[in-house]
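Engineer: Fold the following and give me the result.
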Amino acid sequence: MLEVLTGAVTLGLLWAVMTIGVYITYRILNIADLTVEGSITTGAAIAAVSITHGINPYLSVLFALFGGMAAGLITALLHVKLKIPALLSGILTMIALYSVNLRIMGKSNIPLLRVNTVYTVMENLGLSRQTAVMILGLIVVLGFVGILYWFFGTEIGCAIRATGNNPQMVRAQGINTNTMISIGLIISNGLVAVSGALIAQYQSFADIQMGIGSIVIGLASVIIGEVLFGKRSFFSRLVGLALGAITYRIIITLVLQLGMSPNDLKLFTAITVAVALSL
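Structural biologist: Alright, predicted model coming up:
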């Protein structure tokens, strides 16, 4: 049982990066961005193709970051330039990314067996794979929490937060809200793609269907993080998001251990989010 829970915590850390990305659009910008269902697969696809072509695994994660940021930029352009509602912009980009991801991968599934990943370096130090993934996941999460806490304390970061709270006031201050929304979407989807790259290397494959339902998982983690770990300060929220993602994975693991069919997980997650949002 301890090994199962350790696996849940490990996977939760990798999904925590995506949860933070969802938080930026859903809570800070007040936008329900469905681009993440495509950009998480984009990150996995770019990382998998890069690694199988002999590129350094750490560089592959960086490439995934840029790929996710490009996806966020497309959604931003559809929304702020073509004036398409944010929800529809995300849906359009998500649909387009399915074909783009297939083009990147060349097939629906890319195995990552017997290749070096970002976790291999730590494994070579004598650590077990589970421990290596957990340590690297923790480093990545803490790194992004620190960077984002600093960034959202800067003038641009504060402007992005203000844009989500009161866009009329921000425009009255002479700030271009379209630019702030665009930056937020770019950062968000960049984080989501990094999460996809790390998850693909952990599970040893990238699949075209892996992004389905990811927005619900992200929302569930956000809600759980806010309810259980509070919203006292911006830093505590960021840490709470990571803890929320881990808690969500532990809940799913326990539910599976109690006998729930894996086929019912998406339904269970949707009901959990609906109940949490209603409360």
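Engineer: wait, doesn't Val192 sit right on Leu65?
Structural biologist: No - Val192 is beyond contact range of Leu65, at 9.8 Å (criterion: CB atoms under 8 Å). The way it works is simple: take the backbone N, C-alpha and C, and place the C-beta from them, glycine included.
Engineer: residues bridging contact with the two, i.e. touching both?
Structural biologist: Counting by CB atoms under 8 Å, 6 or more residues apart in numbering, the common neighbours of Val192 and Leu65 are Gly43.
Engineer: Skip the chain neighbours and tell me the closest residue to Met140.
Structural biologist: If you look again at residue 140, you'll see it is Val, not Met. Spatially, and ignoring its direct neighbours in sequence, Val140 is nearest to Val17 (6.3 Å; CB to CB, 6 or more residues apart in numbering).
Engineer: State the helix or strand in which the one you found lies.
Structural biologist: helix 2-23 (DSSP states H and E).
Engineer: tell me how far that helix is from the chain's mean position?
Structural biologist: 11 Å (CA atoms, centre = their mean, to the nearest Å).
Engineer: for the helix or strand following that helix, the distance to its chain's centre please.
Structural biologist: As assigned by DSSP H and E, the chain's next helix or strand after helix 2-23 is helix 36-52. The chain centroid and the centroid of helix 36-52 are separated by 12 Å, computed with CA atoms, centre = their mean.
Engineer: And the helix or strand that comes right after helix 36-52, what does it pack against?
Structural biologist: As assigned by DSSP H and E, the chain's next helix or strand after helix 36-52 is helix 57-80. Under the contact criterion of 3 or more CB pairs under 8 Å, 6 or more residues apart in numbering; DSSP states H and E, helix 57-80 touches helix 36-52, helix 86-105, helix 177-203.
Engineer: Of all the residues in helix 57-80, which ones are buried?
Structural biologist: By 16 or more other CB atoms under 10 Å, the buried positions in helix 57-80 come out as 57, 60-65, 67-80.
Engineer: Also stretch 129-145?
Structural biologist: Per 16+ other CB under 10 Å, stretch 129-145 contains these buried residues: 131-137, 140-141, 144-145.
Engineer: From those, pick the one nearest Thr247.
Structural biologist: Thr247 has its nearest neighbour among the buried residues of stretch 129-145 in Val141, at 13.9 Å by CB to CB.
Engineer: Would you mind confirming that that closest one makes contact with Val17?
Structural biologist: Yes - between Val141 and Val17 there is a contact at 6.3 Å, judged by CB under 8 Å.
Engineer: Contacts for stretch 114-126, please.
Structural biologist: 51-52, 57-58, 61, 129, 131-133, 135-136, 198, 201-202.
Engineer: and of those residues, the nearest to Gly21?
Structural biologist: Leu198 (12.5 Å).
Engineer: By mean pLDDT, which helix or strand of this protein comes out lowest?
Structural biologist: Least confident helix or strand of the chain, by mean pLDDT, DSSP states H and E, is helix 265-278 with a mean of 80.
Engineer: Need the phi and psi values for His53.
Structural biologist: With angles defined as degrees, to the nearest 10, His53 sits at phi -100, psi 10.
Engineer: so what's it scoring on pLDDT?
Structural biologist: For His53, the pLDDT comes out at 93.
Engineer: any idea how far Val36 is from it?
Structural biologist: 26 Å (CB to CB, to the nearest Å).
Engineer: which one of the two has more residues nearby?
Structural biologist: The residue with more neighbours, out of His53 and Val36, is Val36; 34 against 8, by other CB atoms under 10 Å.
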